[in-house]
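Enquirer: sequence unknown, structure follows:
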């Protein structure tokens, strides 16, 4: 649908916030290394709660209050090799990491930004537990600037340096578990002005800024190391924050789908207006226990819930018939939006609504009984059911009621989270502006000429400069150099090329990192399952002559499909062990003997046939050129001997 | 906003410029420099006087520092606006229904909150403010409060102990179920020990409470520590001076430590306070709000008429840490200055180098009381094992048993304010008045330290 929409008419405005982890030796406010620890068994565990504190003016931030009301506890996994008392909020922060500051300044310079003269670290209230302190430490490093992309110049508003949040591991029974290894890894946050006017431009900006940061060689690579937030608005709509987009490919889709959602919500508003739905009608609507209806129900879903002690509560939505079934994003209906509210505010598993009934074993008869109980009109009204205890159900349905009231006004102000398919779901209310106060434990840092000079040294080159460098230094062709530049692997390439260039050509490394991975992906291989370590091991195996370069795609595919498998296992499983010359000669002699008749009649023209048979047996185990050489030699020998 | 200085932290040329345009902290100003424009609220500078950098709060909430030189032009956009502080709402207390608990403010992290606009720390200890921060307390007790001091705990002196003790005694006489003292953590254990000696035969527990994370932070420990203290004040069967702080790093339970046996053992952790050579008397489970006694060895609440209040401390008492090569002149100085008591924090079982013996002899001859404790903290003094100990005993040094050096120091200050008769002082110092001495050291009292596995 994207290409049918004229975004300029909609007055589309998009701002990007790009968060990229920096590859520093230690964290932003302590001396822990910036690595993740997968083994949790030895780590200490600590349980905490957070409170919504009041601002000086006696105000509580809405987003903070939302979290506090959920009453959750937080469990922190504290791996000793990547976290200390600072992450645990048991020791004051150390002074700001100078290496991180230097990298941030270098990137700011490349974005034509003005560096501030003195950096002041702030506390930004976040009480979802992802920061043990209840706030994220963040500091503006530079203001202003711009970036040019093919579809036009986009302004930069701020460049900040901040600590990454703890890594969420799981959430169950009101306890959210986080690992502290990620907390405190330096992040650079680049916020653009809302100058972006199309989904494509959003993608270009994200891509170009991503590239620029990678070109410093000082940023982390791999999934989860870069995250984009988007602010999207259209005429008549609302500025919506969308958090946590990890894939570049999704950026344009998220914009498209959000525009779609806002347009649909505006249509719903018009429809509700036409139906003359009033705010009071919704607000007056009661939450009713309708468990009785289901005493002898055939619905397994409901029977199971009732057995567990839950009840069925219903909320009537006057004149909403058909609205809940309206699609707002691909695969997401207005009812799905309501379900998000119920889940987030009430902690329930979801909702059932009348626009999707009969379904889930709920019969038409039961539906009618519910309408009767809630005093509703099946031809006009809708209802929402929640299966939970009274307290949760009440919170969930109240949230649903509030959301429906907001539908009368269009697009409610929300913070949403990205789904893997580019749609989004409701996360929480948007935080207010008054949630920022000074971090008094960290002295301000004056930006001196020393730091500016240091930063100048690692300021990333322009893309064109980098392409020339790749062509000249590694003899890559231009196309490959360009592909590499826009891949996430530019730094990995330079590392490998420097280390392995005498054993494997940089062109092979580059094409492995670009076209090989791309074609594997188009074959349907999940290349996200391949970590850098796996790619490095495969290229090293080629460099050390353990396997032939032809084996690269098969090996990568194997490693992607067998998570945790070692390269040795891969080589073994695929029969890729490089064979010796004696074995090779023997195999080829056998093939020639097995096809002696054909060889005799065709003579040397039988080369193609023998070669084909040989390669089908040997692919990946030895270089094709060597096979050809041996085939040619052995054919000649065979023919002269007979 | 009112500040003692309306341009706090600004000096020199920059201050002159700001004064000339009529800007004060909180004013909205615009700064122009080489075509760059910055606009925001003028913030105070902290602790880095002399720098010609002004701090602006931008509209996005961030602060940034901007260097000011001759080329910079600063305009006043709007004067500082008067900020009306929202007063905490009036709490509905269940008077007559629940036990009365009094919270006495003396300062420290627990009694303060950060001023959001400036980051400055200001006291906040009215009843309504407390109940606004920890509304759960409404279901536990009827809360009353008063702030008598507002000082950092490092500034506490024996004079302050006297003021607090007198005040606490008065409050107890009014018939409360318990008194809570909000106190800075640095010297909290000293004040706790002081109160334990100053007010004996307590009809109500006295609970010192503090915070390692200030109450304006979402992760504050203040609310839980306070809750633990209030539950203890309302329900505890003992009449002792205790410290209520996090037992472990988790928000799981509040340990109720005996004041005379407690020490701040970590610079920053929530569970910094730990009982040394003793166990906590009780703990308060934060999920169930139950007070659980951990021992029967406590002083029970006494009748009000049995309470003994003697809130005086001798200021001329010193606590001296022994170290290799310690110069005997340090002790000589104290003798010359007419000190009345010296607590030595000796090495090991209670030792000091031979060169110090003559001056200790002189001190004791001049009727100065010398008490020996150990810098090991854990374990008991025993001066019979080595010759040095025996020599010190022979000189008249009083062995401090397993008392913490800090407790021995406070106790000696108190004893010397009651009597100056050396034999009487010796007798009192060796008397176990409020369980400051633990005659039995169970194996488990020494913590298991982390050895990497």
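Expert: Good, I have the coordinates. No experiment lies behind these values; they were computed from the predicted model shown.

Enquirer: residues from the stretch 101-250 of chain A in reach of chain B?
Expert: Proximity of the stretch 101-250 of chain A to chain B (Cβ under 8 Å from any Cβ of the partner chain) is limited to residues A:114, A:116-120, A:122, A:124-125, A:127, A:132-135, A:138-140, A:143-144, A:158, A:160. Bear in mind the C-beta positions are built from the backbone N, C-alpha and C, glycine included.

Enquirer: from these, which ones fall inside strands?
Expert: The strands, defined by DSSP state E, take in A:114, A:118-119, A:122, A:124-125, A:135, A:138-140, A:143, A:158, A:160 from these.

Enquirer: need those residues in JSON lines (columns: pLDDT and distance to residue B:95).
Expert: Formatted as JSON lines, those follow (pLDDT from 0 to 100; distance: Cβ to Cβ, whole Å):
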{"residue": "A:114", "pLDDT": "95", "distance to residue B:95": "60"}
{"residue": "A:118", "pLDDT": "95", "distance to residue B:95": "52"}
{"residue": "A:119", "pLDDT": "96", "distance to residue B:95": "52"}
{"residue": "A:122", "pLDDT": "94", "distance to residue B:95": "42"}
{"residue": "A:124", "pLDDT": "91", "distance to residue B:95": "41"}
{"residue": "A:125", "pLDDT": "88", "distance to residue B:95": "35"}
{"residue": "A:135", "pLDDT": "94", "distance to residue B:95": "37"}
{"residue": "A:138", "pLDDT": "97", "distance to residue B:95": "45"}
{"residue": "A:139", "pLDDT": "97", "distance to residue B:95": "48"}
{"residue": "A:140", "pLDDT": "97", "distance to residue B:95": "50"}
{"residue": "A:143", "pLDDT": "96", "distance to residue B:95": "55"}
{"residue": "A:158", "pLDDT": "97", "distance to residue B:95": "52"}
{"residue": "A:160", "pLDDT": "98", "distance to residue B:95": "50"}
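
Enquirer: longest helix anywhere in chain B?
Expert: Scanning chain B for the longest helix, with DSSP state H as the assignment, gives helix B:158-173.

Enquirer: next helix or strand past it?
Expert: Later in the chain than helix B:158-173, the nearest helix or strand by DSSP states H and E is strand B:178-182.

Enquirer: so for whatever helix or strand comes next after that next one, what's the average pLDDT?
Expert: As assigned by DSSP H and E, the chain's next helix or strand after strand B:178-182 is helix B:188-198. The average pLDDT within helix B:188-198 is 98.

Enquirer: in helix B:188-198, what's buried?
Expert: Residues of helix B:188-198 classed as buried by neighbour count (16 or more other Cβ atoms under 10 Å in any protein chain shown): B:188-198.

Enquirer: swap in stretch A:544-555?
Expert: For stretch A:544-555, the neighbour count (16+ other Cβ under 10 Å) marks A:546-555 as buried.

Enquirer: from those residues, which ones fall inside helices?
Expert: Short answer: the buried residues of stretch A:544-555 in helices (DSSP H) are A:552-555.

Enquirer: residue B:403: which of those is nearest?
Expert: Comparing those against residue B:403 with Cβ to Cβ places residue A:555 closest, at 70.6 Å.

Enquirer: how far away is that closest one from residue A:627?
Expert: 19 Å (Cβ to Cβ, to the nearest Å).

Enquirer: domain parsing for the chain?
Expert: I'll assume chain A. Residue ranges for the domains of chain A, per automatic domain parsing: A:7-247, A:278-407, A:461-573, A:581-641.

Enquirer: hm, I was asking about chain B
Expert: Split by automatic domain parsing, chain B gives B:12-78, B:100-309, B:317-429.

Enquirer: and among those, the most buried is which?
Expert: domain B:100-309 (a mean of 21; mean count of other Cβ atoms under 10 Å in any protein chain shown).

Enquirer: now do the same end-to-end measure for that domain.
Expert: Taking Cα to Cα, to the nearest Å, domain B:100-309 runs 21 Å from one end to the other.

Enquirer: in the stretch 201-350 of chain B, which residue sits nearest chain A?
Expert: Of all residues in the stretch 201-350 of chain B, residue B:218 sits closest to chain A, at 2.4 Å by Cβ to the nearest Cβ.
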